[in-house]
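Q: Build me a model from this:
(chains A, B, C and D)
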There are 4 protein chains.
Amino acid sequence: MKVHNVALVGAGRMGELHARNAASNPRFRLAAIADHNEQLASSVARETASAAASYGEILGDPNIDAVMVASSTSSHLENVLAALGAGKSVFCEKPLSLDAAALADALPGIEASSKPVFIAFNRRFDPHLRDLKSRLDGGLIGSLETIHIINHDPALPRLDFIPRSGGLFKDFTIHDFDTARWLIGEEFVELFAVGACLIDQEIAALGDIDTAKLILKSAGGTLCLISNSRRTGYGYDQRVELFGSKGALRVDNLPGTTVSKLDEAGGNGASFPFSFAERYAEAYRAELDHFADVLDGNAAPSTGPHDTLRALRLADAAERSFKSGTRIRLEGVMGDA
Amino acid sequence: MKVHNVALVGAGRMGELHARNAASNPRFRLAAIADHNEQLASSVARETASAAASYGEILGDPNIDAVMVASSTSSHLENVLAALGAGKSVFCEKPLSLDAAALADALPGIEASSKPVFIAFNRRFDPHLRDLKSRLDGGLIGSLETIHIINHDPALPRLDFIPRSGGLFKDFTIHDFDTARWLIGEEFVELFAVGACLIDQEIAALGDIDTAKLILKSAGGTLCLISNSRRTGYGYDQRVELFGSKGALRVDNLPGTTVSKLDEAGGNGASFPFSFAERYAEAYRAELDHFADVLDGNAAPSTGPHDTLRALRLADAAERSFKSGTRIRLEGVMGDA
Amino acid sequence: MKVHNVALVGAGRMGELHARNAASNPRFRLAAIADHNEQLASSVARETASAAASYGEILGDPNIDAVMVASSTSSHLENVLAALGAGKSVFCEKPLSLDAAALADALPGIEASSKPVFIAFNRRFDPHLRDLKSRLDGGLIGSLETIHIINHDPALPRLDFIPRSGGLFKDFTIHDFDTARWLIGEEFVELFAVGACLIDQEIAALGDIDTAKLILKSAGGTLCLISNSRRTGYGYDQRVELFGSKGALRVDNLPGTTVSKLDEAGGNGASFPFSFAERYAEAYRAELDHFADVLDGNAAPSTGPHDTLRALRLADAAERSFKSGTRIRLEGVMGDA
Amino acid sequence: MKVHNVALVGAGRMGELHARNAASNPRFRLAAIADHNEQLASSVARETASAAASYGEILGDPNIDAVMVASSTSSHLENVLAALGAGKSVFCEKPLSLDAAALADALPGIEASSKPVFIAFNRRFDPHLRDLKSRLDGGLIGSLETIHIINHDPALPRLDFIPRSGGLFKDFTIHDFDTARWLIGEEFVELFAVGACLIDQEIAALGDIDTAKLILKSAGGTLCLISNSRRTGYGYDQRVELFGSKGALRVDNLPGTTVSKLDEAGGNGASFPFSFAERYAEAYRAELDHFADVLDGNAAPSTGPHDTLRALRLADAAERSFKSGTRIRLEGVMGDA
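A: Modelled structure (predicted):
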């Protein structure tokens, strides 16, 4: 078993999560943690028996093989490019960028690098969704006809996050674009999106929406429904349903507990997870194992810069469809991505 | 389709239920209804387009082919014998009697009658339990090893019912004895029962129990667990689980609604029925169809006086086991029943 | 309790179902049954202790108060108008017509009649959906934000039905339009529909589709997703999900049995109904009770000709959206309906 | 965060599981691994970045604070006593011993030691069962009346394990005795057990049983049903149900996946885990955290030698009840335990 020296840039919520996972994964040694907020970097380093450092120090350290980028989204691309420039392999929290044009510009340079870049879309590593995909690919429901994705957040994010989120489609639906592309194994050719601000009018005031419904059609004719909401009030609602010529397959919500209560109200309390950190805990651990496989030379990144550009272009198209009220044909729009 | 003229004796809760079912079953004409409480008889007759009459008038009416006995349990045997004496076929709500000795005495006379006597144990007509039995008999789980029955009432009966109920084992567990015998298709050879008064000490003051747990062993070695409670607080808990050499089969509670709610409490409200009348509504209708089949000469009563005597003797044995704290061996005890 | 003399026109599958329900409902006497196929009329009459007659005889019979129209869809409007002309109250199986223009023309005459016309949309009488609506109306999930309807048939209809079905939107989606309008209590203002022929290319050859996905927006901003399929292969998939400001409410599929099996495959066999007749059995019975209430003067028809015209215009708009690939704004389009 | 140097004795299946958990728990450093089979010790040491050593070396190493005993059951007590003698704290896989008399003899010596001894019963650390207990203790179902435990293994163990297992009651039911005592918080006063060999007659030939049903009564009158089977064929069936004065609480089986399939058979494939290692994976990790808390001085062992002696005496009583067919009164029998 090879142990990889890895450093982390970005010690916020996602960074801390990846730091803990790296610290308890025997295939990694978490060598250093950088953050603009040095106190944060030190605090996470203490928890994970690592050390705080500047990003510059990390890039200059020849003992560090790979960098995990979990800084704010707007700095992802820059940090990734710097890491590649320093000869490091890269694990980057999704998305690589919110700007399709900038990403398209950077793509040739990224691809010319000899080091791998893995963009971590957590759904692809969820054991339930992987089980779903493997049964689909095994022909269990014949040919796939339609796919429904429900992706509803438990609670609104802080309002100050909205302006730097990239908007609902780029921040949130982007997961579903990637999941649908991965499951179907085809590109989409048409898209229609409806957005609305139904939950909190402050979000509309910030120019964003909190609710969306989309219909997509793939090259082979598979139809895809996506439903997004920024707030359920009852948990993180994460469901995927596949309808095929020989039956259907579903991933239902993961019960938070198997304990249920029965009383006069007749009800039972099988709640499900309230946070992505809980729901996709195993996925986040599996992402790291996949990255170790990539570093070992035994796997190619499951999602690379091209995939992230495609998902980003779908998000841009969704925005245009929503704003114009028209169906968008995606040929041409997707460019080389 | 032959239409049978049937009369009802007993217009209480069970009588009214059977009256309504007879009135909406095209294979029966509900000719008359008798009850000591003449107002009750008239009221149920009005609802069902029938007529009130005395039991004597019913027995003397040559146009009446069959009698449904749903009077108080203590009068079942007497009313059945009178109906047979008048040449009527008989449908009798369970149990035929609470007194095994009296029933054993009456048995030869009942059997000498040319008319059929059907004792209505509702579980045998429940479509879910019938589905269970048919899958079991079809070998779906290989050879049956153990069986678990949960039979818990939603709410305590009125306390004035307790003294005339016959006690928990004869009033309540008797259903489970019959169900278990029917499912296994074998007689029991050993029984151990524990009873307790855990819900309402008034019941203990009346000499009865409200909770029981039993273990039985059949002639072929199948083990059976029975759990009884007079009050769940959350609905009528009716479950049967069969464990076999090739898997398990379960009848779970029937959801009262398919509507569920999700909210902060994470709970959903899939309640299940609160009353036997709801839970076994289809079974009660099916009992009447079975009785029509018996009257048509196309079926033998699914449960006859012998079966009811056997269930009664199991109840008596449970009482002795509970009071003595010993296991009861049932050979010999079951007599000719 | 008033007993209403009712006659039936149309003794096919739906007619037979309504005939049986009328025959076992004490509030009706099923006086006569008409069908072009006289043998069919006689056969259903025999089963239900009714009599075969011509539709002319029925209309001329002063003892018949009401007519149930369950003939082929293309004759619904004509039969309804004839019944009204003869002074009968009318129960009409959905839809009243497949031709919005013809229906709009006939509407003033129908409304001028002194007799009620009830168009039977079964979902409005399903106890589960009624429970859902009553919880929604009771404010259980706060204000309604979005609604998802899955309406998937178990198996393809006979191909010869397709050309006279009116097409998927008018034959099938029309239920969902009515259900959504009923649940939301508002009209829709925008609609986008995608249709496809994914199951059987013979349907495309006949000019129809077998799969559809729709997004609608109501006047108040509620978003509605509808998914339709002509074949699941696994049962009649009938689900409705409401998302509101305080949580969600769902109607899930009704389990066909509560029996489940556990074996090496780990699976359980909780299937759900394969036919509308099973799934909506209670709804069909409740429709008749509602009609009796209407005849008693105690209720207005829950769905009248106006509602059916509105649903029909939504179906027409869906067709246009699908064919043009554009979003349809419904103001103006809905006309007086 | 204090890091504890721990060594492991016993590198079989349970030992390997505990070794992996210790290796990925930042509160421990797994210093050494001993096993009679040195190759096994070396192999597990390699996987966990530890080192193989003899048990003598471990006991003599002043840098090792604590010993995890996961050797064969028959050597547990001896290894625990040796570790205490060497001044080490002890984590011991259940049970401490299969011989109540030997354990009773050793108890005073163990208790005189200044070092803690934690006997790892996994159920007490299962998050689902802990959630259950915390809701019960919070009064959610009022006062507890009865408790049902289903503990059925997925598949028969190797037959050569049977003779050294201690028999079904000591090897298997002992978990349920501990779980029930923990949940109820009271000692049992009566017990009745039925055992049978229904699965494999080879087990009977070895003098053991493969199936058991027990009824126990606690000092406060709570009734407890336990059902055991050595083979379900469908997974590891682990359920607990509590019935109280205000409702019921259940822990159901953990679904192995949230993926389900719907097809003509109507079935879905929600299997559940097949092994204790999967089902109680979190519990095993939590045991180690508890042990770290004990070593930190922040907790007393949740299960100590006294608890294990009590569970063992219940197992002995079950054996006597089964063999004699009589109810066993437990006062006096439990001794000082």
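Q: Just to be sure, A:Ser134 is in a helix?
A: Yes: counting by DSSP: H, G, I helix; E, B strand; the rest coil, one finds A:Ser134 located in a helix.
Q: Measure how buried it is and give me the count.
A: Per other Cβ atoms under 10 Å in any protein chain shown, the neighbour tally for A:Ser134 reads 11. For the C-beta atoms, the positions are set from N, CA and C on the backbone; glycine is no exception.
Q: any idea which helix or strand of chain A has the worst average confidence?
A: Every helix and strand in chain A was compared by mean pLDDT, DSSP states H and E; the lowest is strand A:259-262, with a mean of 77.
Q: tell me the SS of the residue of the stretch 151-300 of chain A found nearest chain C?
A: With Cβ to the nearest Cβ, the shortest gap between the stretch 151-300 of chain A and chain C falls at A:Leu198, namely 4.5 Å. Recorded secondary structure, A:Leu198: coil (three-state DSSP).
Q: That one and C:Gly221 touch, don't they?
A: Yes: counting by Cβ atoms under 8 Å, A:Leu198 touches C:Gly221, with 6.3 Å between them.
Q: Run through the residues of chain A sitting next to chain C.
A: Residues of chain A that fall close to chain C, judged by Cβ under 8 Å from any Cβ of the partner chain: A:145-146, A:148, A:152, A:190, A:192, A:194, A:196, A:198-199, A:211, A:213, A:215, A:217, A:221, A:223, A:225, A:227, A:229, A:232-234, A:237, A:243, A:245-248, A:325-327.
Q: Quick one: buried ones out of the residues you listed?
A: The neighbour-count test (16 or more other Cβ atoms under 10 Å in any protein chain shown) marks A:145-146, A:148, A:152, A:190, A:192, A:194, A:196, A:198-199, A:211, A:213, A:215, A:217, A:221, A:223, A:225, A:227, A:229, A:232-234, A:237, A:243, A:247-248, A:327 as buried among the residues of chain A next to chain C.
Q: about what we covered before: could you list which of the residues of chain A next to chain C also contact chain D?
A: Answer for the residues of chain A next to chain C near chain D (Cβ under 8 Å from any Cβ): A:246-248.
Q: Need those in TSV (columns: secondary structure).
A: Formatted as TSV, those follow (three-state DSSP):
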residue	secondary structure
A:Lys246	coil
A:Gly247	strand
A:Ala248	strand
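Q: Reformat those as a markdown table; add pLDDT.
A: Output for those, formatted as a markdown table (pLDDT from 0 to 100):
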| residue | pLDDT |
| --- | --- |
| A:Lys246 | 91 |
| A:Gly247 | 90 |
| A:Ala248 | 92 |
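Q: Nearest to A:Leu84 among the residues you listed?
A: Closest approach between these and A:Leu84, by Cβ to Cβ: A:Ala248, at 42.8 Å.
Q: From C:Phe243, how far out is that closest one?
A: Note on A:Ala248: its distance to C:Phe243, by Cβ to Cβ, to the nearest Å, is 22 Å.
Q: swap in A:Gly235?
A: 12 Å.
Q: Now do the residue lying closest to A:Ala292 once chain neighbours are set aside against chain D, distance only.
A: Excluding the flanking residues, the one nearest A:Ala292 by Cβ to Cβ, 6 or more residues apart in numbering or on different chains is A:Arg27, at 4.1 Å. Using Cβ to the nearest Cβ, to the nearest Å, A:Arg27 is found at 11 Å from chain D.
Q: same check, this time on A:Ile119
A: 25 Å.
Q: now do A:Asp263
A: Applying Cβ to the nearest Cβ, the value for A:Asp263 to chain D is 3 Å.
Q: Apart from its chain neighbours, what residue comes closest to that residue?
A: A:Asp263 sits nearest to D:Gly247 (Cβ to Cβ, 6+ apart), 3.4 Å away.
Q: The one you found bridge partners, please.
A: For D:Gly247, the beta-bridge partners are D:Gly244 (DSSP bridges).
Q: quick one: it and D:Pro127, what's the gap?
A: D:Gly247 is 21 Å from D:Pro127, by Cβ to Cβ.
Q: try A:Leu288
A: For A:Leu288, the distance to D:Pro127 equals 23 Å [Cβ to Cβ].
Q: any idea which helix or strand carries A:Gly56?
A: helix A:55-60 (DSSP states H and E).
Q: Centre of the chain to the following helix or strand past that helix, how far?
A: Sequence-wise, the next helix or strand downstream of helix A:55-60 (DSSP H and E) is strand A:66-69. From the chain centre to the centre of strand A:66-69 is a distance of 16 Å (Cα atoms, centre = their mean, to the nearest Å).
Q: pull the CA atoms of strand A:66-69 into CSV?
A: Extracted in CSV, the C-alpha atoms of strand A:66-69 (Å, rounded to 0.1, in the frame of the first residue of the first chain):
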residue,chain,number,x,y,z
ALA,A,66,-1.1,16.0,-4.4
VAL,A,67,-3.3,18.9,-3.4
MET,A,68,-7.0,18.8,-2.4
VAL,A,69,-8.7,22.0,-3.4
